[in-house]
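Asks: sequence first, then the predicted structure, then my questions.
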Protein chains: 2
Amino acid sequence: MKKLLFAFLFLSITNTLSAQSKTHVDLIITGGTVVTMDAARHIYNDGAVAIRGDSIVAVGTHNDIASRYDAARTIDAHDEIVMPGLVNGHAHAAMSLFRGLADDVSLNDWLQKYIFPAEARNVMPDFVTWGTRLGVLEMLRGGTTTYADMYYFEDEVARATKEAGMRGVLGETIIDFPAPDNKSVPQMLAYTENYIKHWQGDPLITPAIAPHSIYTCSTKTLQEAAALAHKYHAPILIHLAEAPFEGEQSRAKYGLSPTAYLENIGVLGPDITAAHCVWVDPGDMKLLASRGVGCVHNPSSNMKLASGASPIVDLIAAGVPVGLGTDGAASNNDLDMFEEMDLAAKLQKLARMDPRALPAEQVVAMATINGARALHMEKQIGSLEAAKKADVILIRTDAPHATPMYNVYSQLVYALKASDADTVIIGGKIVMQHRQMLTLDQPQILAKAREYAKKIAASLAAPAK
Amino acid sequence: MKKLLFAFLFLSITNTLSAQSKTHVDLIITGGTVVTMDAARHIYNDGAVAIRGDSIVAVGTHNDIASRYDAARTIDAHDEIVMPGLVNGHAHAAMSLFRGLADDVSLNDWLQKYIFPAEARNVMPDFVTWGTRLGVLEMLRGGTTTYADMYYFEDEVARATKEAGMRGVLGETIIDFPAPDNKSVPQMLAYTENYIKHWQGDPLITPAIAPHSIYTCSTKTLQEAAALAHKYHAPILIHLAEAPFEGEQSRAKYGLSPTAYLENIGVLGPDITAAHCVWVDPGDMKLLASRGVGCVHNPSSNMKLASGASPIVDLIAAGVPVGLGTDGAASNNDLDMFEEMDLAAKLQKLARMDPRALPAEQVVAMATINGARALHMEKQIGSLEAAKKADVILIRTDAPHATPMYNVYSQLVYALKASDADTVIIGGKIVMQHRQMLTLDQPQILAKAREYAKKIAASLAAPAK
């Protein structure tokens, strides 16, 4: 009896001490397969993530976290994969309203007959707000927590993105012809300067400047855009070496590849994220690596528009951080990072005629930590590690299409779908739980999108003004 | 008052007459966008399909069908696409239990280190039953109503498929080395003859014979398999011209391409469905067309295994009926015809560097009516037309990733997903309604699949017996 009493007292004291010594956090996600994407690629099979405020406090086994932390709120992640939110490195969110407007046409027809007229006749602030909401809604439902955007009225993009609780690197477009929002480059630069000043320091939004490309911006425009970016330490987003014509024009005009030309005019640097990089030769790859440029691969768009197959295995080998992107829904036609993962792996295998090329783990890295690197945000996001932002997604693993599971990376790339994303947390805040949207009014957004589609179709049917 | 009474009587009489003159059917699907895939590619925006027994009685506008037919049961298809069930022209359903077992390895390692040992140690009748159930479950959930299968213990495949209420062309494999079910070619042929006799005439199951390929079957085996097929007018399923090594071996051994070799030995004919056809030259295409061979394109598998890009635009132009398939989940890793549609379109655009190649409507045809042609079943299935089997699927169109919709073919190929399939009807029988399985026990199948995965992983960890 004495012995028992002693044991009881001992246990009580131990429990009390341990409860007292536990650190309080806001949220613990526990019980799932935690795929950290840290440098050692730790995976905890019965893992847990502790979150305080907008940041991750600790990642480990369930027992480890339970012994050290208690939380006001716990999310049970059994039978789920817990991983860093996906990083969509290149998108035009508002173009979701043009989804499927013009498919299976030449690039010239696509631009001249459909996209440019549709943009000229429809793209106003309200269009951008609703289009961005639609794009953000789709991305969140597919486990994307950060995206890079290039469009017009980027102030509206930023507002809609922040409202949704999503993280974004959002670039206002600079281009050498009248755009829907600003009619001249000086106006564009002035708009962008105000936009950057307004949003800099925001916890979710990183304002950026997006000179469209070397074939739509003069040397002067590119240099002025870069100067503005440097003035505010803002990132630069640009389309680079996407289609064969761009290289041909660049060589004819400047005697240089698009990449070498950007280097030559002093624009290439560690603040740049370059979308596509399909037509890059070994010299270009060396330049991109040495200048710290991030590249974003967009396999769906590159295939659908017949741009080509980017040599990303070589880019990665050259030391370039390569992320993954969806491009806009007008050329994809969705914003589905699971499809991009699947396609990235399969495209490299085909392009190199080697089934070993770009294994699944590398693809998951492209969609997470390397996507963060390509956006120069690897210190804040891209992996589940203490002190990083709490951008965490939970993926269900119990669908017939994802059963059984032998390897978690294989499953993520080749079998799981955007629709398996169950819960999405950004900066510690739950924005989707069990597929219910907590920050966006889905029925209203879809109704608005259908209304806009009627207007857009009518605007193209009418003769140009 | 008299006037009112008269009007009332008139209306009553009209209604009674019209009710009396209506033909009674079992099921009317009404209110959706009916994509018929008939020769004229009729689309009815507020359409309806009338079904009696296992067949379609009429297809038309809602008003037309409502004026002519009444039904015991009606399905409201508003905001849905109503279309012919998808035809998966090439699969190995039971291999779903090997989903993701070995990815990102060379073809030789994949076969020799993983698939062959895993099959030798695990493939028994019970494995095939549960593997097939898993595969069929996934396919039904993605809108596939007919599939072609090549595997072992095909009698079990047929039983599991029929139980699920699915349509199948199911081929028992003939191969020149000991298989999991039969150890010699004479045993295989005897098994297949019994299998064919047992299942021929079944309303859902078409028994077939599946000589594996020209590199695993001798000339004699191929000819004997063809003779057995001819004796019973059974279809022949074969892998043809899949990877470069097959052509190299064929040219070295026979001085002929794989296709020309099959012609040379008298096997090529209108009973054949050939999977892959990646490495076919213009001469091969002419042969395939003139002999009435159906081809099945498997873009996911061809990309993932680095087999190559099949020239299907040229095959179609040569007059070959080209369907679409998933191949097995061990090389894909899912059985998702929506992904294959998306990939087929994008792969041709890339391979031909032409964004106009293989437009969406042609891809939907490959997944429906041309898939039926490739299986020589175009008189029974593949389109919504009177007298055809009532294999009908309803696809929701209200997901964020599929909003807005400008063109129904574009949406099906580039935006909609397997998870948007809402209701599946095969031979007039509802097998999935609002994503609830009515013929299969999903939780039991998934539990069994997880059990098998443990056994399979353990069997590969153990040294070979």
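Replies: Thanks, I have the structure now.

Asks: ok, now which ones touch A:Ala58?
Replies: Residues counted as contacts of A:Ala58 (Cβ atoms under 8 Å, 6 or more residues apart in numbering or on different chains) are A:Val49, A:Ala50, A:Asp64, A:Ile65, A:Arg68, A:Tyr69, A:Ala386. For the C-beta atoms, the positions are set from N, CA and C on the backbone; glycine is no exception.

Asks: next one: the last one from chain B, what distance?
Replies: As defined by Cβ to the nearest Cβ, to the nearest Å, A:Ala386 lies at a distance of 31 Å from chain B.

Asks: report the buried members of the contacts of A:Ala58.
Replies: Neighbour-count burial (16 or more other Cβ atoms under 10 Å in any protein chain shown) applied to the contacts of A:Ala58 gives A:Val49, A:Ala50, A:Ile65, A:Arg68, A:Tyr69.

Asks: pLDDT score assigned to the second one?
Replies: Reported pLDDT at A:Ala50 in the predicted model: 98.

Asks: dihedrals phi and psi, it?
Replies: phi -100, psi 130 (degrees, to the nearest 10).

Asks: contacting residues for it?
Replies: Residues in contact with A:Ala50, defined by Cβ under 8 Å, 6+ apart, are A:Val25, A:Leu27, A:Ile28, A:Ile56, A:Val57, A:Ala58, A:Val59, A:Ile65, A:Arg68, A:Tyr69, A:Ala71.

Asks: and of those, the nearest to chain B?
Replies: The closest of these to chain B turns out to be A:Val59 (Cβ to the nearest Cβ; 24.8 Å).

Asks: surely that closest one meets A:Thr36?
Replies: Yes: between A:Val59 and A:Thr36 there is a contact under Cβ atoms under 8 Å: 5.8 Å.

Asks: identify the residues contacting stretch A:243-258?
Replies: With contact meaning Cβ under 8 Å, 6+ apart, stretch A:243-258 is reached by A:107, A:213-215, A:240-241, A:261, A:264, A:278-281, A:283-284, A:305, A:307-308, B:353.

Asks: just the buried ones from the residues you listed?
Replies: If we count by 16+ other Cβ under 10 Å, those have these buried: A:107, A:213-215, A:240-241, A:261, A:278-280, A:284, A:305, A:307-308.

Asks: pretty sure A:Asn88 sits against A:Leu324.
Replies: Yes: A:Asn88 lies in contact with A:Leu324 (Cβ under 8 Å); the separation is 7.5 Å.

Asks: and the nearest residue to A:Arg291 once chain neighbours are set aside, how close does it get to chain B?
Replies: Excluding the flanking residues, the one nearest A:Arg291 by Cβ to Cβ, 6 or more residues apart in numbering or on different chains is A:Leu268, at 4.5 Å. A:Leu268 sits 27 Å away from chain B, taking Cβ to the nearest Cβ as the criterion.

Asks: returning to what we had before: which among the buried ones among the contacts of A:Ala58 gets closest to A:Thr423?
Replies: The shortest approach to A:Thr423 among those belongs to A:Val49, at 12.0 Å (Cβ to Cβ).
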